[in-house]
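Asker: Dropping the sequence and predicted coords here.
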Amino acid sequence: MPNNSTKILLLTTLVSGVLVSVSSNSWLGAWMGLEINLMSFIPLMSNVKNMYNTEASLKYFIVQVLASATLLFMVVMKTLTEDLFTMEGTAYTPMIICTPLLLKSGAAPLHWWFPGVMEGLSWENCALLMTVQKAAPLMLLSYLIEINTFTLTIIFMSTVVGAIGGLNQTSMRKILTYSSINHTGWMLTALALSENLWMMYFAIYSTLAITVVSAIKLSGVSFINQTMMTNKETTLMKFMMFTSLLSLGGLPPFLGFLPKWIIIQAMTANSLAPMATIVVVTSLITLYYYLKISYSSFMILNTEPKWNLKSHKNKKTTNTKALLLSTVSLTGMAACTIIVNTY
């Protein structure tokens, strides 16, 4: 929990914006919630002392304002030209209103702003952008989304772009960005099939994303080549970071495999086997670049520079939080299986 009162206030209004948007019974109320959420996140992002933070907050502001203005314009136009209350009109209505929401959530091909913004943020803000900031747009999408050509195209593009985009990256932030785009494709699949599926997937994905970010922040790593040079004393921390990464990639023994397994079953039951094959293959590609990060640290021999004097011994609270989250990531699937079989 941040000890700065301004940050606490902004985080409260940020969550309030999401809740207003989700619980609203009109599109105008949903738009207001999105705006409250945006106005709370911009001050959290910007930092006078860091030029990259300011640049990222400006990029994010421009993109989100464009999406919000488009959403408001589309909703007003549709209520004027079609039925005011039901909005039943052409088959293109859901598609048109979905587009700004997809831009807000960073789904491909409207993902172009996402890597650039993530690269300039602190790790705490990266975690917020990958988790909390996706909740409201995706929840609003659930009112409109259907299994049709448009939705399947967006799911296909998100999973493919998220998988291939991360292959050539060296920055940990960009790798997590493309992973998030891939997971957005999975979440859109879950939304099209069932809202409960999406809520389960989103909850598990958020937990895993926060786990990975906590572990990476603790190790002080920003690029792949730095993973080899982390402190030898912090073996537990390395183990936490890489098991969490593998869980996020969906490796079977870990918690991250559980929601993917359930979604694959649901897709097969709904005659979407070809799309299920595509999302599974792209998920394997994301697992490959997680293994690429993990490989150097799984090696017995590693190098450590003499100037690597950063100690984590005084960060007891952060260590405990990361350890607790990674334990959930490691044992969550086994726990869920035991609970289901017991009852």
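Answerer: Structure received.

Asker: Residue 74: what's it in contact with?
Answerer: Neighbouring residues of residue 74 by C-beta atoms under 8 Å, 6 or more residues apart in numbering: 96, 97, 99, 100. Every C-beta, even on glycine, is put in place using the N, C-alpha and C of the backbone.

Asker: again, only using 10 Å
Answerer: Listed by C-beta atoms under 10 Å, 6 or more residues apart in numbering, the contact set of residue 74 reads 27, 93, 96, 97, 98, 99, 100.

Asker: doesn't residue 30 make contact with the last one?
Answerer: No. Under the criterion of C-beta atoms under 10 Å, residue 100 is not in contact with residue 30, lying 11.4 Å apart.

Asker: what's near enough to touch the residue nearest to residue 7 when sequence neighbours are not counted?
Answerer: Spatially, and ignoring its direct neighbours in sequence, residue 7 is nearest to residue 44 (6.8 Å; C-beta to C-beta, 6 or more residues apart in numbering). By C-beta under 10 Å, 6+ apart, residue 44 lies in contact with 2, 6-7, 10-11, 14, 53, 57, 121-122, 124-125, 128.

Asker: any idea which of the residues you listed is closest to residue 140?
Answerer: Distance to residue 140, by C-beta to C-beta, is smallest for residue 14 among those, at 16.5 Å.

Asker: ok, of the contacts of residue 44, which come out buried?
Answerer: 10, 11, 14, 53, 57, 121, 122, 124, 125, 128 (16 or more other C-beta atoms under 10 Å).

Asker: what's the lowest-pLDDT member of the contacts of residue 44?
Answerer: When the contacts of residue 44 are compared by pLDDT, residue 2 scores lowest at 55.

Asker: for the stretch 51-200 of the chain, what spans make up the helices?
Answerer: Using DSSP state H, counting those that start in this stretch, the helices of the stretch 51-200 of the chain run over 51-81, 93-105, 114-119, 123-130, 132-141, 149-165, 172-193, 195-219.

Asker: quick one: average pLDDT of stretch 169-189?
Answerer: Mean predicted confidence for stretch 169-189 is 92.

Asker: For it, buried residues please.
Answerer: Buried, per 16+ other C-beta under 10 Å, within stretch 169-189: 169, 172-189.

Asker: Residue nearest the middle of the chain, spatially speaking?
Answerer: In the chain, the residue lying closest to the centroid (C-alpha atoms, centre = their mean) is residue 130, at 3.3 Å.

Asker: any idea how far residue 179 is from that one?
Answerer: 9 Å (C-beta to C-beta, to the nearest Å).

Asker: Now the common contact residues for the two.
Answerer: 205, 209, 212.

Asker: ok so, going back, if we take the buried ones among the contacts of residue 44, which one ends up nearest to residue 37?
Answerer: Looking across the buried ones among the contacts of residue 44 and measuring by C-beta to C-beta, the closest to residue 37 is residue 14, at 5.8 Å.

Asker: can you tell me which residues contact that closest one?
Answerer: 36, 37, 38, 39, 40, 41, 43, 44, 128, 132, 133.

Asker: quick one, what contacts the closest residue to the third one other than its chain neighbours?
Answerer: Which is residue 38. Once flanking residues are discounted, residue 38 sits nearest to residue 64: 5.0 Å by C-beta to C-beta, 6+ apart. Listed by C-beta under 10 Å, 6+ apart, the contact set of residue 64 reads 34-35, 37-39, 41-42, 100, 103-104, 113, 117, 133, 137.

Asker: Roughly how far does residue 64 sit from residue 103?
Answerer: Applying C-beta to C-beta to residue 64 and residue 103 gives a distance of 8 Å.

Asker: measure residue 133 to residue 180 for me?
Answerer: For residue 133, the distance to residue 180 - C-beta to C-beta - is 10 Å.

Asker: what's the overlap in contacts for those two?
Answerer: Joint contacts of residue 133 and residue 180 (C-beta under 10 Å, 6+ apart) are 105, 106.

Asker: Can you get me a residue count around residue 118?
Answerer: Neighbour count for residue 118, taken as other C-beta atoms under 10 Å: 23.

Asker: doesn't residue 133 make contact with it?
Answerer: No. With contact defined as C-beta under 10 Å, residue 118 and residue 133 do not form a contacting pair (11.1 Å).

Asker: For residue 278, see how far away the residue nearest to residue 169 when sequence neighbours are not counted is.
Answerer: Once flanking residues are discounted, residue 169 sits nearest to residue 175: 5.1 Å by C-beta to C-beta, 6+ apart. The gap separating residue 175 from residue 278 is 21 Å, by C-beta to C-beta.
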